[in-house]
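Novice: Sequence and predicted structure, then a few things I'm wondering about:
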Amino acid sequence: MARQPDGPPPPPTVQKLRLRYAKRGPLRFASHRDLARALERALRRAQVPMAFSAGFSPHPKISYVGAAPTGAASEAEYLEIGLARRCDPEQVRAALDASLPAGVDVLECVEAAEGGGSLADRIDAARWRVELPGVEPAELAAAVEELLARDAVLVAKRTKNGVRDVDARGPVASASTGGEAGCAILHVVVRQVTPAVRPDDVVAALAAVADLRPPSPPRAVREAQGRLDGSGTVADPLGPDREARARCQGEHAAV
């Protein structure tokens, strides 16, 4: 007979909250695993009433979506948490933010709308800002023009199965340039693919097509994640939850 876990079953999930947070400054070098541990410790310190999974090793119900690579800053990291009792989303945001180290900032917290689908289903692209110290804007603009003119550009990428060639051009939905003398800036929207194409892969593609090789390491910031609409805009993945909440409040006010 199978052994049953001791003790009462964990309380059910009564509320799901979705959070957007940033990783900034030196914390951009923290791995996803380190950030996950910091977030779980902060949830305990903030006394957020987490729901837990069943089984012999219960763990808090936390789902991470599309973590940025180590070394990249981000203004658009997302996670979903399940709670054992209902809480005010803004109070959870403030308590969690106060319990996290400087450089990990909780920017927004909304209640997940019932029947609104998963958070992961609302994210299929990311918008990046990549600073290229030592590169002139005109030089970058010419390289981007050359990249966009290609159908595919293969670059070597290290994956868990070893080094392989990947197409760094195909996932690029759009790209534009800016900046000032001595520091060009690349604005690029990249679709989610497997294996993932990151800003360093796009920079490698620029080197392949135009021999653009920044003398200093590029500085990448993920500005947004979401679904890519027909106009090329990356939609806010928390937008449907906010809209559902506003409709609910409007209906209650009308009663």
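Specialist: Done, it's in. Numbers count the residues shown, from 1 in each chain.
Novice: And the helices in the stretch 51-200 of the chain, which stretches?
Specialist: Using DSSP state H, counting those that start in this stretch, the helices of the stretch 51-200 of the chain run over 89-99, 137-148, 199-210.
Novice: Rebuild those helices as TSV, extending it with mean pLDDT, mean neighbour count and distance to residue 216.
Specialist: (Each C-beta comes from the backbone N, C-alpha and C, glycine too.) Below are the helices of the stretch 51-200 of the chain laid out as TSV (pLDDT from 0 to 100; neighbours: other C-beta atoms under 10 Å; distance: least, C-beta to C-beta, whole Å):
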stretch	mean pLDDT	mean neighbour count	distance to residue 216
helix 89-99	98	17	32
helix 137-148	98	18	14
helix 199-210	97	21	12
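Novice: Can you lay out those as JSON lines showing distance to residue 156?
Specialist: Converted to JSON lines, these look like this (distance: least, C-beta to C-beta, whole Å):
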{"stretch": "helix 89-99", "distance to residue 156": "39"}
{"stretch": "helix 137-148", "distance to residue 156": "17"}
{"stretch": "helix 199-210", "distance to residue 156": "8"}
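Novice: Quick one: closest of those helices to residue 180.
Specialist: Proximity of those to residue 180 was assessed by C-beta to C-beta; the nearest stretch is helix 137-148, lying at 7.1 Å.
Novice: which residues touch the closest one?
Specialist: 132, 153, 169, 172, 175-181, 184-186, 202, 205-206, 209-210, 212 (C-beta atoms under 8 Å, 6 or more residues apart in numbering).
Novice: Restricted to strands, list those residues.
Specialist: 132, 172, 175, 176, 177, 178, 179, 180, 184, 185, 186 (DSSP state E).
Novice: give me the beta-bridge partners of the fourth one?
Specialist: For residue 176, the beta-bridge assignment (DSSP bridges) gives partners residue 187.
Novice: where's it relative to residue 36, distance?
Specialist: 33 Å (C-beta to C-beta, to the nearest Å).
Novice: now do the fifth one
Specialist: Spatial separation of residue 177 from residue 36 under the definition C-beta to C-beta is 35 Å.
Novice: Over to the last one?
Specialist: Plainly put, residue 186 is 29 Å away from residue 36 if you go by C-beta to C-beta.
Novice: neighbour-wise, which of these two wins?
Specialist: Counted by other C-beta atoms under 10 Å, residue 186 and residue 36 do not tie: residue 186 has more neighbours, with 27 against 15.
Novice: What's the per-residue pLDDT of that one here?
Specialist: With respect to pLDDT, residue 186 scores 98.
Novice: what residues are up against it?
Specialist: 128, 129, 130, 132, 140, 144, 175, 176, 177, 199, 202, 203.
Novice: what do you get if the cut-off is 7 Å, keeping everything else the same?
Specialist: 130, 132, 140, 144, 175, 177 (C-beta atoms under 7 Å, 6 or more residues apart in numbering).
Novice: hmm, which two among these are most spread apart?
Specialist: It's 132 and 175 that sit farthest apart of these, by C-beta to C-beta, at 12.7 Å.
Novice: circling back to that earlier point, for the helices of the stretch 51-200 of the chain, which one sits closest to residue 109?
Specialist: helix 89-99 (3.7 Å).
Novice: hmm, who's touching the closest one?
Specialist: 17, 19, 42-43, 45-46, 48, 105-106, 108-111.
Novice: Report the distance from that helix to the chain centre.
Specialist: Remark: helix 89-99 is offset 19 Å from the chain centroid, using C-alpha atoms, centre = their mean, to the nearest Å.
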